[in-house]
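>>> My questions concern the predicted model and sequence given below.
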Protein chains: 2
Amino acid sequence: MNRAEFRKRILAANDEEAARLKRRFDESGTLVVDLVSAPGSGKTSLLEHSAARLADHVRVGAIVGDIATELDAERLAAAGMPSYQIVTGGACHLDARLVSEALQHSRFSSLDVLFIENVGNLVCPASYALGEDLKVALLSVAEGDDKPFKYPAIFTKAAATVITKTDLDGHVSFDRARVRNQVMTLNPSAEVFETSVISGQGVEKWCEFLIENLETKRRTLAHA
Amino acid sequence: MNRAEFRKRILAANDEEAARLKRRFDESGTLVVDLVSAPGSGKTSLLEHSAARLADHVRVGAIVGDIATELDAERLAAAGMPSYQIVTGGACHLDARLVSEALQHSRFSSLDVLFIENVGNLVCPASYALGEDLKVALLSVAEGDDKPFKYPAIFTKAAATVITKTDLDGHVSFDRARVRNQVMTLNPSAEVFETSVISGQGVEKWCEFLIENLETKRRTLAHA
């Protein structure tokens, strides 16, 4: 068996487990959002600043993947979001089996929205379904405006791209129109948000997007 | 064969090819530097701004890995650094075979320093030897000061960590002492540089480090 065949088998097994997860999330009516970005794009910060806004409306929780340390789950718990840390011990992405195990060990009560904060990596997480309703890509303005075309897989799959750290505008060279054009070329139906947890820009809109997606999911399930 | 065994076999095959590359680079007396970072940490920018300084002293070239686009090799060529782009088409890291093929197809004349700019990924490239003398990790101040402990493999292996975009100091929260402590814990002999291609800070020191490493390599080879 060569590398491509082995990879295909791994992905097929993951898809099966992801389908089981998806059924489970549909049964509980939970909207599941897989957050994917490079290290340091601000996934945890965005969730910290979404926690209180969302908690007014819905029950939220997070599963957080990191290669090492439990820092991110601690930050989210401190922000009031129940969180469970997966330490992958080297693996460069989460997979459906790791998420299943995390659900067993976590003590989440019934959730409306479950965030899965993936390992900081703009490449590998794109290939692995986790039973999610939406993949969301984050990109900080400090990372440069050439990234969607350089990492096309995730920006093609992501239902939304969140541009983060817009408070750094003027201090870094970042052409938003260029990013929007690349995202729209890869995925014409993607939403693009511009956010800053420093100024607060866009966080409300991002939270509204999540609530709308939850409501749409619930309506769709009710009619199924 | 399970996943761990398959991975072990892949890495063993890579190590063999990397050893062949290392012998070849030693024969030509070329210092080979594998640059590893998250997407958007500034690998290409650092090379652009090192090109002219280094060209006064040595012959330099670069092999550049990206999943898609040839943007980075074009930027380096424009900065006067002969460059060859590897488009991995999905692969999340370079491997020794890809570097061997790139050396065949590129038309580098004899080089003193060869940079290998890896795919933007702080995880997977850490496991793959490319025949290099040094792995160097880059980390921008915009990515946050918790990264070495969250991505320990590369910061343990890297002979140097280059902190980039220090011109953003004051606009982002980044504790350099915290980063230095993490790096030193993981690799007590690592060098840490602080650089900005905007202000020019640290670029000269970084280039001196490369020249010193080239001279050390040449002396060691002469005495072998």
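Good, I have the coordinates.
>>> all contacts plus neighbour counts: C-alpha atoms, from now on.
Will do.
>>> Which element, helix or strand, includes A:V99?
helix A:96-105 (DSSP states H and E).
>>> does chain B sit close to that helix?
No - legend: contact between helix A:96-105 and chain B by CA under 8 Å from any CA of the partner chain is lacking; minimum distance shown is 13.8 Å.
>>> does the residue sitting nearest the centre point of chain A count as helix, strand or coil?
Compute the mean C-alpha point of chain A, and by CA atoms, centre = their mean the closest residue is A:L35, 1.2 Å away. Of the three states, A:L35 takes strand according to DSSP: H, G, I helix; E, B strand; the rest coil.
>>> so it touches A:I116, yeah?
Yes - counting by CA atoms under 8 Å, A:L35 touches A:I116, with 6.1 Å between them.
>>> In a helix, A:H93, correct?
No - the assignment for A:H93, made by three-state DSSP, is coil rather than a helix.
>>> A:I116 pairs with what?
As for beta bridges, A:I116 partners with A:D34, A:I63 under DSSP bridges.
>>> In contact with it: list those residues for me.
A:I116 is in contact with A:32-35, A:62-65, counting by CA atoms under 8 Å, 6 or more residues apart in numbering or on different chains.
>>> Next: A:F155.
Residues near A:F155 by CA under 8 Å, 6+ apart: A:137, A:148, A:161, A:183, A:186-187.
>>> Would you reformat the residues you listed as TSV and include neighbour count and secondary structure?
As requested, the contacts of A:F155 are exported to TSV (neighbours: other CA atoms under 10 Å in any protein chain shown; DSSP: H, G, I helix; E, B strand; the rest coil):
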residue	neighbour count	secondary structure
A:A137	26	strand
A:P148	26	helix
A:T161	27	strand
A:V183	24	helix
A:L186	19	helix
A:N187	17	coil
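>>> how about a markdown table for those, with pLDDT added?
As requested, the contacts of A:F155 are exported to a markdown table (pLDDT from 0 to 100):
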| residue | pLDDT |
| --- | --- |
| A:A137 | 98 |
| A:P148 | 98 |
| A:T161 | 98 |
| A:V183 | 98 |
| A:L186 | 98 |
| A:N187 | 98 |
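>>> Show me which residues of the longest helix anywhere in chain A are buried.
Counting residues, the longest helix found in chain A (DSSP state H) is helix A:3-28. In terms of neighbour count (16 or more other CA atoms under 10 Å in any protein chain shown), helix A:3-28 has its buried residues at A:11, A:14-22, A:25-26.
>>> cool, stretch A:171-179 as well?
Those would be A:172, A:174, A:179, for stretch A:171-179 by 16+ other CA under 10 Å.
>>> Also stretch A:51-59?
Those would be A:51, A:54, A:59, for stretch A:51-59 by 16+ other CA under 10 Å.
>>> closest to chain B among the residues you listed?
Nearest to chain B among the buried residues of stretch A:51-59 is A:A51, at 20.6 Å by CA to the nearest CA.
>>> what sits against that closest one?
Applying CA under 8 Å, 6+ apart to A:A51 gives the contacts A:60, A:79-81.
>>> Just the closest of these to chain B, please.
Nearest to chain B, judged by CA to the nearest CA, of the contacts of A:A51 is A:A79 at 18.0 Å.
>>> shouldn't the closest one be in contact with A:S50?
No - using CA under 8 Å, A:A79 is not in contact with A:S50; the gap is 9.2 Å.
>>> And those two? Which one has more around it.
Using other CA atoms under 10 Å in any protein chain shown as the criterion, A:A79 and A:S50 rank with A:S50 on top: 19 against 16.
>>> Show me what from chain A comes close to chain B.
Along chain A, the residues adjacent to chain B under the rule CA under 8 Å from any CA are A:38-41, A:66-69, A:90, A:92, A:121-124, A:142-144, A:147, A:149-152, A:168, A:171.
>>> Sort out which of those are buried, if you could.
For the residues of chain A next to chain B, buried by 16+ other CA under 10 Å: A:38-41, A:66-69, A:92, A:121-124, A:142-144, A:147, A:149-152, A:168.
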